[in-house]
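okay, predicted coordinates and the sequence, questions at the end:
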Amino acid sequence: MLFGFRVPSFPAEPQMVSVERSALRTAQPLQSGRWNPLTPGTRNPEPETRNPELETRQPAFALAPRAQAVNNELHSMKLLRQILAVSGAAFLLAGSLPAADNSLTDAERRQGWLLLFDGRTTNGWMNSDRTPPRTPVINGELSPYKAGHYMLVHTQQWTDFVLSLDFKISKGCNSGVFVRTQSLTPRPGRDVGFNGLEIAIDDTPGAGFHDTGAVYDLVKPLRNAMRPVGDWNHMEISCISNRVDVVLNGDAVTRADLDQFVEPSRRPDGSAHKFDEAFKDHPRRGYIGLQDHGSPCWFKNIKLKPLP
């Protein structure tokens, strides 16, 4: 069986060339630019004629330098279009991304949120005895531990609001977030904590009156939604008239109706609690505080939205 092939024209073309060093060889000298018959043959036992100039020449299918440059340019333009498409998508999504720590997004500002902690200083905070905090801000985190008194309090008082913050605790920690603390002067024989409502933060696994998310000693959480020690948790506390709601890590865990607490030292079901106060009469305006109960704990992204 015979078949043919054509050799492209090159200057100074040799008369005989090998075809991929195989057993196929031409029966006669090749003619450039014309079809040449190809017949089976045997490998030439003699050394093959080699032309270094031909061996180093670019293959016939290789792009010429100008064509290669154009191809490279087109590829670069394609990559650029892809980069711009991704950048544009990122720009469009930027408005929905969370703010950096201790800052507000534009959307939060429009919604009326206020930043209570700037992430650098204790400006706007004081100890519950009105002295300056002794614990410095480190790594953008506010800590009441060894700050100088029972709790750190924000210098302003608030009525109805939503408080949003992140917290992290150490092993064995006992702390809490106080709301509606009024006043900062302790009653005889009591600490200032008796003047407010505490949302408990504790290194405990349960869901009782003293576990994380509880309105301390008054209302138990539905579940303990706190993350392991050393992990950051997100908490939202809403105080609206007689109602106090707690959301921990996206889980609504506690709701207290203060109007149901009509007797001192008694819960609505008649069981005893430690406070000698009927909480339906507790002031609906007061300070926000971060408790120091002898264990390291840290807070950041402390934001508040006042409600009408």
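Received, thanks.

remind me which helix or strand residue 226 belongs to.
Using DSSP states H and E, residue 226 maps to neither a helix nor a strand.

state the distance from it to residue 206.
11 Å (C-beta to C-beta, to the nearest Å). Placement of C-beta: from N, CA and C, glycine included.

please say which of those two ends up with more neighbours.
For the pair residue 226 and residue 206, the greater number of neighbours falls to residue 226 (24 against 14), based on other C-beta atoms under 10 Å.

how many residues are close by the residue found closest to the more buried one once you drop the neighbours it is linked to in the chain?
Of all residues not flanking residue 226 in the chain, residue 212 sits nearest, at 4.3 Å (C-beta to C-beta, 6 or more residues apart in numbering). Look at residue 212: counted by other C-beta under 10 Å, it has 29 neighbours.

surely residue 212 touches residue 246?
No. Using C-beta atoms under 8 Å, residue 212 is not in contact with residue 246; the gap is 9.4 Å.

now do the shared contacts for these two.
Counting by C-beta atoms under 8 Å, 6 or more residues apart in numbering, the contacts common to residue 212 and residue 246 are residue 221.

OK, contacts around residue 295?
For residue 295, the contacting residues are 145, 169-170, 172-175, 203, by C-beta under 8 Å, 6+ apart.

state the three-state secondary structure for the residue nearest to residue 226.
What DSSP: H, G, I helix; E, B strand; the rest coil gives for residue 212 is coil.

and it, how far from residue 125?
Distance from residue 212 to residue 125, by C-beta to C-beta: 23 Å.

tell me which element residue 110 falls in.
Taking DSSP H and E as the definition, residue 110 sits inside helix 106-111.

for the following helix or strand past that helix, name the packing helices and strands.
Counting by DSSP H and E, the next helix or strand C-terminal to helix 106-111 is strand 114-115. Counting contacts by 3 or more C-beta pairs under 8 Å, 6 or more residues apart in numbering; DSSP states H and E, strand 114-115 is packed against strand 297-306.

what residues of the strand it packs on count as buried?
By neighbour count on 16 or more other C-beta atoms under 10 Å, the buried set for strand 297-306 is 297-305.

before we move on, what about stretch 176-188?
Neighbour-count burial for stretch 176-188 [16+ other C-beta under 10 Å]: 176-181, 184.

same check, this time on stretch 248-260
Neighbour counts over stretch 248-260 (16+ other C-beta under 10 Å) mark 248, 253-254, 256, 258 as buried.

could I get the residues you listed as a markdown table with distance to residue 291?
Converted to a markdown table, the buried residues of stretch 248-260 look like this (distance: C-beta to C-beta, whole Å):
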| residue | distance to residue 291 |
| --- | --- |
| 248 | 16 |
| 253 | 19 |
| 254 | 17 |
| 256 | 18 |
| 258 | 20 |
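
name the nearest of those relative to residue 157.
Checking those against residue 157 with C-beta to C-beta, the nearest one is residue 258 at 17.4 Å.
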